[in-house]
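1. Give me the fold of what follows.
(2 chains)
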Amino acid sequence: MDKSILLKVRNLKKTFIKKSGTFLKRKKTEVYAVNNVNFEVKQGEILGIIGESGCGKTTTARMVMRLMKETEGEISFEGVNLCNLKESETNKIRKKMQMIFQDPYDTLNPGMRIHDILMEPINAHEKDLPYETKYRKVIEAIEAIELKPAEDFINRYPHQLSGGQRQRIAIARAIILKPSFIAADEPTSMLDVSVRAGILNLLLDLRKKMGLTMMFITHDLSTASYMCDRIAVMYQGKIVEIGPTKKIIQHPSHPYTKALVAVVKDLNYFIKNREKLILDGEVDSTKEEKGCPFVARCPHKEAACHTQVPELEDVDKGHSVSCHCHTELLEKTS
Amino acid sequence: MNTVLSVENLSTYFKTDKGIAKAVENVSFSLNKGEMLGLIGESGCGKTTVAQSILRLIEYPGKVVSGRVLLNGRDLIKASEKELSSMRWKEISVIPQSAMNALNPIFTIGDQIMESILLHENVSKREALQRTKTLLELVGIDGERWRSYPHEFSGGMKQRVAIAMALACNPKLVISDESTTGLDVLTQAQVIALIKSLQKKMDLSVILISHDLPMVTAICDKIAIMYAGNIVEWASTEDILKNPRHPYSQALLNASPDLSNPEKEVVSIPGSVPNLVDFPHSCRFHTRCPYAYDKCRQENPEFKEIKKGHYVACFLEEEGNHG
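-> Numbers count the residues shown, from 1 in each chain, chains lettered A, B, ... in the order given. Next comes the predicted model:
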């Protein structure tokens, strides 16, 4: 396929074992955290992954970043299949792909100064450089994340920084080795509205300057629409809809996406029409896979939805949805 | 319209090792019958402290140092403990921040709702149970599930139980303190829809405390915006959206992305929230305000009505040179 695809994920699955029952009658059930996920991230693109808590967004990212082993499937980065690599080879790849985590209060070691925090990735991957070069890299990284003057920050400890500044340092740590790919896992959800915008704009700016490719995980559709070129909507371990941001926002095709867009776009419309958009239902990922994952809460369900798992199908160029009823729904709304 | 709650010059301070933290200072607003007021601001700005002061739940080292809280004409700040307990639940109640922790895990939800009814009203156990079932139905839960324990419910359902509980004794005023934070987007919207429909049905007055500006603007009649312990602007939702006067309100509106306006560029507010300990007598926003001038650094602007029902605390209003 075309060269511009940086990351390709095929049939990715992750199951966890859930133990239940009493001591003598212990039962083990498999829980699908990520179930048959396929997507691609093109060079220079930001792909958003949205969904509610427990839908498998973070698990997907952790598998892509090789922080977790997949149960099944294939992840290829720059044409190399990451799944069969040895630990030493994986470490080399890590230089090119970095992650930004959700909680800036947890990700920075409180006992280390900013200088040491930022030196760590360099020492892990480019140990042999002279100290002056390494130091210059640290200063450049701090300047890149717009903390000025950089010299003022290098001797501070994380507790001397605000939440927004800490997240900036976490970003500096991720970009210091000039990676080509970054996975950002809810980088702004712990921050206040007033600093959130700064972090989002910084990431967009870095993408432009460094030609970064990004996977941006969030539960907030409006943030995703601001940041991303394409959006993948996950529900219960599956991608239920994927497409260009504009298409997803203007013509959501999956009932789950429709409800999500309605809530964020016009809460009053959602309140008035909520029976038509979503049913009160329980989310249970331990249930055996049978039928559509959204069936319990879907207001449009048909017989097939209970028995057959829908596949991702193209509705438009680059826009696919997995829903048995999307064609009828499309007719209804247009 | 008749006023249900009126808060006048409320100040709540906390004693800390480093000095006195003025968590809430000189806060005034009122709430009419059947009105929904959104109290919004960032974390640490004093939203919850305002709610706790109204409910008289502030404990040492905190203290309500001045002000009045009139609930249907009675001052809650001066009320005795006995008067207060007769008013809580019956006249004023709370939907707590996290329903998961607010419910007692070892009692059935029916027992917990009945407890508040039996404690405050002179009814038989049977009648209380009947009312409990009706309440559960009201929030969209099968009445027969009163026998269930909290762990048998999902997060959204527990939140519904907490709402049912807050309504158990037919209060006139309900304070919802970030009651949907932590729920998933769709569950959150469903809970908000429920609160809104109950508010209309029962003609409740509601104070909705939240940090979610889009949500508050969608469902509240009026909005009060807090910053670092002060209410900086209080007006109808329409005025806040179309004609925000305080620089902080304007900045806040510009800080979050808007799905219906994809071209909008979000702008962050430079700097960070000031330390509230021994804060000097000046406008609390001046360190981050693009329009700040000498006067802002020396005096605290008064919270004034600039138009009917539109209150702002900013010197730019007086000078008439708003940017």
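
2. What residue in the stretch 1-150 of chain A comes nearest to chain B?
-> Proximity to chain B, evaluated over the stretch 1-150 of chain A using Cβ to the nearest Cβ, is greatest for A:Glu52 at 3.7 Å. Glycine gets a C-beta too; all of them are placed from N, C-alpha and C.

3. close enough to count as contact, that residue and A:Asp220?
-> No: taking Cβ atoms under 8 Å as the definition, A:Glu52 is not a contact partner of A:Asp220, at 10.9 Å.

4. Neighbours of the residue of the stretch 51-200 of chain B found nearest chain A, how many?
-> Residue of the stretch 51-200 of chain B nearest chain A, by Cβ to the nearest Cβ: B:Asp184 (3.7 Å). Neighbours of B:Asp184 under the rule other Cβ atoms under 10 Å in any protein chain shown: 20.

5. swap in B:Ser85?
-> B:Ser85 is surrounded by 13 other residues when neighbours are defined as other Cβ under 10 Å.

6. Could you pull out the buried residues of the lowest-mean-pLDDT helix or strand in chain B?
-> Least confident element among the helices and strands of chain B, by mean pLDDT, DSSP states H and E: helix B:99-102 (a mean of 78). Along helix B:99-102, the positions that meet the burial threshold by neighbour count (16 or more other Cβ atoms under 10 Å in any protein chain shown) are B:99-100, B:102.

7. Can you tell me what sits against whichever helix or strand comes after that helix?
-> For helix B:99-102, the succeeding helix or strand toward the C-terminus, using DSSP states H and E, is helix B:109-120. Helix B:109-120 is contacted from outside by B:86, B:89-90, B:103-104, B:107, B:123, B:125, B:128-129, B:131-133, B:135-136, B:145-150, B:153, B:161, B:164-165, B:168-169, using Cβ atoms under 8 Å, 6 or more residues apart in numbering or on different chains.

8. Same question for stretch B:75-84.
-> With contact meaning Cβ under 8 Å, 6+ apart, stretch B:75-84 is reached by B:54-56, B:64, B:67-70, B:74, B:87.

9. try 6 Å this time
-> The list of residues contacting stretch B:75-84 from outside it, by Cβ atoms under 6 Å, 6 or more residues apart in numbering or on different chains, reads B:56, B:64, B:68-69.

10. which residues touch B:Asn2?
-> Residues counted as contacts of B:Asn2 (Cβ under 6 Å, 6+ apart) are B:Lys33.

11. cool, B:Cys314 as well?
-> By Cβ under 6 Å, 6+ apart, the residues touching B:Cys314 are B:246, B:301.

12. Please tell me how far it sits from chain A.
-> Shown here: B:Cys314 relative to chain A, a distance of 17 Å by Cβ to the nearest Cβ, to the nearest Å.

13. give me the element B:Val65 is part of.
-> strand B:62-71.

14. Got the domain ranges for chain A?
-> Domain assignment of chain A by automatic domain parsing yields the ranges A:5-96+A:179-333, A:107-178.

15. Now do the contacts for residue 164.
-> Defaulting to chain A. Counting by Cβ under 6 Å, 6+ apart, A:Gly164 has contacts A:191, A:195.

16. nope, chain B
-> Remark: with contacts taken as Cβ under 6 Å, 6+ apart, B:Ala164 is in contact with B:135-136, B:139.

17. The same query, at a cut-off of 7 Å, please.
-> Shown here is B:Ala164, whose contacts under the criterion Cβ atoms under 7 Å, 6 or more residues apart in numbering or on different chains are B:113, B:135-136, B:138-139.

18. Using ChimeraX, define a selection of the buried residues within these.
-> Buried subset of the contacts of B:Ala164, written as a ChimeraX selection, criterion 16+ other Cβ under 10 Å:
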select /B:113,135,136,138,139
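
19. Would you mark the buried spots in the lengthiest helix in chain B?
-> Longest helix in chain B by number of residues, with DSSP state H as the criterion: helix B:185-202. Going by neighbour count (16+ other Cβ under 10 Å), the buried part of helix B:185-202 is B:185-196, B:198-199.

20. what's the answer for stretch B:150-158, then?
-> Buried residues in stretch B:150-158, counted by 16+ other Cβ under 10 Å: B:150, B:153-158.

21. can you list the residues of chain A near chain B?
-> Contact residues of chain A with respect to chain B, defined by Cβ under 7 Å from any Cβ of the partner chain, are listed as A:52-53, A:162, A:192-198, A:200-201, A:219, A:221-223, A:225-226, A:249, A:259-260, A:263-265, A:267-268, A:270-271, A:274, A:278, A:280, A:282.

22. returning to what we had before: can you list the residues that contact the longest helix of chain B?
-> The contact list for helix B:185-202 (Cβ under 7 Å, 6+ apart) reads A:52, A:219, A:259-260, A:263, A:267, A:270-271, A:274, A:278, A:280, B:36, B:139-140, B:155-156, B:159-160, B:163, B:167, B:176, B:180, B:183, B:204, B:206, B:215, B:219.

23. now that helix, how far from the centre of its chain.
-> Computed by Cα atoms, centre = their mean, to the nearest Å, the chain-centroid distance of helix B:185-202 equals 16 Å.

24. Next, the angle from the helix or strand following that helix to helix B:185-202.
-> From helix B:185-202 onward toward the C-terminus, using DSSP H and E, the following helix or strand is strand B:205-210. Here strand B:205-210 points in a direction 160 degrees away from that of helix B:185-202 (axes from the mean of the first three to the mean of the last three Cα atoms, to 10 degrees).

25. Past strand B:205-210, which element shows up next along the chain?
-> Strand B:205-210 is succeeded, C-terminally, by helix B:213-219 (DSSP H and E).

26. How about that following helix and chain A, any contact?
-> Yes: with Cβ under 7 Å from any Cβ as the measure, helix B:213-219 is seen reaching chain A through B:215, B:218-219.
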